[in-house]
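>>> With the input below, show me the fold.
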Amino acid sequence: MSDTEKFTRLSLAGAHVDVNFDTCTTFTVTAQAVAVPQAKIIGGRVAAAGEIPWQVSVQTSNGRAHFCGGSIISSEWVVTTARCTLDRTPEEIVIGAGSIDRLTPKSVHKVSQIFANSSFQTLFLTGDLAVLRVTPPFEWSLEVAPIALPSSRASTGLLATVSGWGTTSINGPNPVLLQRAQVPIYDNKDCNTLYSLLGGVPEDQICAGFRKGGVDACSGDGGGPLFADGVLYGVVSWGFGCATKFPGIYTEIFYHKDWIKKITGV
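From the prediction side, this is the model:
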C-alpha cells in the first residue's frame, strides 16, 4: 500500500477527516474553514438535451459561476443540499434551467427564499437538504419539468442515475455539458460497515455505487439528483474520494418527504 493509500484526507464542509489505514482504528477531525469541494461525475456520459429536465445549475448571482446542482420539484421550488447554501443569502444565488450547457441556460431564476433542514450538521452532513424558492416560476417545456418525489425507499440494487456538471476525472476540468452516470443503490448495512471508521452513514442517507468503484459523483455535484424512472430518491451529499470502492452517499428524499411537503406543499 502506498503512502497516499495509507493516509487519505476526506474533505467535508467545514472540516478535514484524516484516516490512517495503518492503524485502522483512529482518525482525526480538525475543524477548520475549507472550501466546499466541487461536483464531479466520473464514469458517465454527456446527457441528451431534455433527458433530465429537472436538473438545474445552482450558480452565484455575481459572475454566474456554477457551484452546485439541484432538482426542480414544482414551478417554484428546487431541492438541493444544505451544504450548498452554507453562508449564502438568497440574493447571492441564481438558478439556471432548461439546458445541458451550464453556460447558456434557457432561463435564469432568482432565489427568493432558502430553507435549510434544521437538523443539518456540517461535520457529518446529517440533514443535508435544502429547498430554494425561485422567482419567476419555471415554465414547463420539453427541457424544463419537475421530478416526482418517492412514495417509498429505493430498493437495494435499483439502477439509478446521478447527474451534474462536475469534472469527469479527479483534478480534471469541469465540463460545460451536463454529465450523467448510472449507479446501483448499495445495501445500507454494507455501506455503513465500509464507513464505520468515519462514524457510519447517517440514518437519513443512502448509498449508491459499484463495489469495484469507477463510477461516481463526488463532492459538489453536490445537491444534484439521484433518480430512477422519473423519481427523485436522493441528492448528492458526500463520499470518500471519487469513484473509489467506497460508494457515494446521498441524502434520502423519502426520509425527508414530510419536511419537504411542510415547506413547499409538494
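>>> Restricting to C-alpha, output stretch 185-194 in CSV.
Output of stretch 185-194 as CSV, limited to C-alpha atoms (Å, rounded to 0.1, in the frame of the first residue of the first chain):
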residue,chain,number,x,y,z
ILE,A,185,-28.4,1.5,-4.8
TYR,A,186,-26.0,0.0,-2.3
ASP,A,187,-27.0,-2.2,0.6
ASN,A,188,-27.1,0.3,3.6
LYS,A,189,-25.7,-2.2,6.1
ASP,A,190,-22.8,-2.9,3.9
CYS,A,191,-22.2,0.8,3.2
ASN,A,192,-22.4,1.6,6.9
THR,A,193,-19.8,-1.0,7.6
LEU,A,194,-17.5,0.5,5.0
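>>> any idea of the mean pLDDT for that stretch?
Mean pLDDT, computed over stretch 185-194, is 94.
>>> Please enumerate residues in contact with that stretch?
Stretch 185-194 is contacted by residues 154-158, 160, 200-201, 206-209, 233, 245-247, 249 when judged by C-beta atoms under 8 Å, 6 or more residues apart in numbering. In short, each C-beta sits where N, CA and C put it, glycine included.
>>> next one: that stretch to chain centre, how far?
On the basis of C-alpha atoms, centre = their mean, to the nearest Å, stretch 185-194 sits 18 Å off its chain's mean C-alpha point.
>>> Buried residues of it, list them for me.
I185, Y186, N188, C191, N192, L194 (16 or more other C-beta atoms under 10 Å).
>>> rewinding a little: which of the contacts of stretch 185-194 are buried? Put it as a PyMOL command.
Of these, the buried ones go into a single PyMOL selection, burial set by 16+ other C-beta under 10 Å:
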select buried, resi 154+160+201+206+207+208+209+233+246+247+249
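>>> Sort out for me which of the contacts of stretch 185-194 are in strands.
Using DSSP state E, A160, I206, C207, A208, Y233, I249 are the members of the contacts of stretch 185-194 that sit in strands.
>>> any chance of those residues in CSV, plus distance to G69 and pLDDT?
Below are the ones in strands among the contacts of stretch 185-194 laid out as CSV (distance: C-beta to C-beta, whole Å; pLDDT from 0 to 100):
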residue, distance to G69, pLDDT
A160, 15, 95
I206, 17, 96
C207, 18, 94
A208, 15, 93
Y233, 15, 98
I249, 15, 91
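>>> Can you tell me which of those is nearest K110?
Y233 (28.3 Å; C-beta to C-beta).
>>> Would you mind giving the domain segments of this structure?
Split into domains by automatic domain parsing, the chain comes to 53-146+257-264, 159-254.
>>> Ranked by average pLDDT, which of those domains falls at the bottom?
Looking across those, the weakest by mean pLDDT turns out to be domain 159-254, at a mean of 87.
>>> From one end of that domain to the other, what's the distance?
Counting by C-alpha to C-alpha, to the nearest Å, you get 17 Å between the two ends of domain 159-254.
>>> Report the distance from that domain to the chain centre.
7 Å.
>>> before we move on, what about stretch 111-128?
13 Å.
>>> and the helix or strand containing G70, which strands flank it?
Using DSSP states H and E, G70 sits in strand 66-72. Strand 66-72 pairs in its sheet with strand 55-60 (antiparallel), strand 77-80 (antiparallel), by DSSP bridges.
>>> Tell me which of these lies nearest to R45.
strand 55-60 (14.4 Å).
>>> So which residues make contact with stretch 258-266?
I73, S74, E76, W77, V79, F115, N117, L129, V131, R133, L149, I253.
>>> Which residue, other than its chain neighbours, is closest to the fifth one?
Setting aside the residues directly before and after it, V79 is nearest to S71 in space (C-beta to C-beta, 6 or more residues apart in numbering), at 5.0 Å.
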